[in-house]
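In: Below: sequence and its predicted model.
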Amino acid sequence: MTVTLGKALNAALRDAMREDDTVLMFGEDVGALGGVFRVTDGLAAEFGDDRCFDTPLAESGIVGMAVGMAMNGFRPVVEMQFDAFAYPAFEQIASHVAKMRNRTRGAVGLPMVIRVPYAGGIGGVEHHSDSSEAYYAHTPGLKVVTPATVADAYSLLREAVADPDPVVFMEAKKLYWAKDEVALPVTTEPFGTAVVRREGSDATLVAYGPAVPVALEAASAAAAEGRSLEVVDLRTLVPFDDETVAASVRKTGRCVVVAEAAGFAGVSAEIVARVQERCFHSLWAPVLRVTGWDVPYPPPVLEKYHLPGVDRVLDTVDRLQWDDAPDPRFLAGSR
């Protein structure tokens, strides 16, 4: 059946709550309203307001309450409503959520999920369109997940709820309405596993979350011009799948990282470093990036210029020294 990514997330929460009565869902407007993006629609009606309920507009309090619940036998799932709204809770996340297992020498885990609708593409203003994944990926003790497909949205959220440790679940807002033919429930690859979404031989596009559809569209456009681009969807930023990414880059010899977040000191920079370290002798050109600009998120009228698009990706691919290096497919055996 045809399912949207938002509905897949709703189904994942519903199924998790049906199977385990310790799973709770709470946050701002997630109860009767069903969330700003309706991801929690119908959960309060089915499970009651003791298991799906609204909270005050106090993100630090929301996460702090979840910490206490997770320490005492519950599996809370909290929604931050919008990416930048989560910043008041960051002290709780970095100081307590991420450190509890290490602080207690493994005695106390925190089986909790922090859902963060993030990134742009919906005509939102600042505080509603941030790409905040780098803050969480840089914080040891957190798993960071960002699905780009309907099937992954369901499967990865189910895995996140079942995980014994905290998971920051990043949901690209512009993908909530993406559709696919999926029979739920569905199980996809586990945490720490990237997936090749499109096979190619000339260069690798590494992307995650909202950048994956852009990379796939760019690969289709490149194919019409006779260039074969492979697209790797990371799916989880932490744990990171070095093996799949490196295997793809060693095959193609060229790599472009596509990410919506600002480039400086971002996740894209970490990916470039890991590729350069592991694939240096297989590269025929520097690893390049296509990212958002290093500015606060612009007003809606400028959004299309800020976000990485197909033209910017293809222009960057054109910079990969095609005329100066031999085709790596013919020299694969020598490396």
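Out: Yes, it's here.
In: For the rest of this, base every contact and every neighbour count on C-alpha atoms.
Out: OK.
In: Need the residue closest to the centroid of the protein.
Out: By C-alpha atoms, centre = their mean, the chain has its centre lying nearest to residue 146, at 1.9 Å.
In: and it, what is it in contact with?
Out: 169, 170, 171, 172, 208, 209, 235, 236, 237 (C-alpha atoms under 8 Å, 6 or more residues apart in numbering).
In: what sits against the nearest residue to it once chain neighbours are set aside?
Out: The shortest distance from residue 146 to any non-neighbouring residue, by C-alpha to C-alpha, 6 or more residues apart in numbering, is to residue 170 (4.8 Å). Residue 170 is in contact with 115, 116, 117, 118, 133, 144, 145, 146, 147, counting by C-alpha under 8 Å, 6+ apart.
In: Now name the helix or strand holding the third one.
Out: Following DSSP states H and E, one finds residue 117 within strand 113-118.
In: Touching that strand from outside, list them.
Out: Outside strand 113-118, the residues touching it (C-alpha under 8 Å, 6+ apart) are 63, 75-83, 86, 128-132, 160-161, 166-173.
In: Need the three-state assignment for the residue nearest to residue 146.
Out: strand (DSSP: H, G, I helix; E, B strand; the rest coil).
In: how far away is it from residue 82?
Out: In this view, residue 170 and residue 82 are 10 Å apart by C-alpha to C-alpha, to the nearest Å.
In: Residue 286 too?
Out: 35 Å.
In: Could you list the paired strands of the strand holding residue 117 along with their orientation?
Out: Applying DSSP bridges, strand 113-118 is found paired with strand 75-79 (parallel), strand 167-172 (parallel).
In: a markdown table please, covering those strands and showing distance to residue 99 and mean pLDDT.
Out: Converted to a markdown table, these look like this (distance: least, C-alpha to C-alpha, whole Å; pLDDT from 0 to 100):
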| stretch | distance to residue 99 | mean pLDDT |
| --- | --- | --- |
| strand 75-79 | 17 | 98 |
| strand 167-172 | 13 | 98 |
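In: what would the ones you listed look like in TSV with distance to residue 218?
Out: Listed next are these as TSV, based on distance: least, C-alpha to C-alpha, whole Å:
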stretch	distance to residue 218
strand 75-79	32
strand 167-172	19
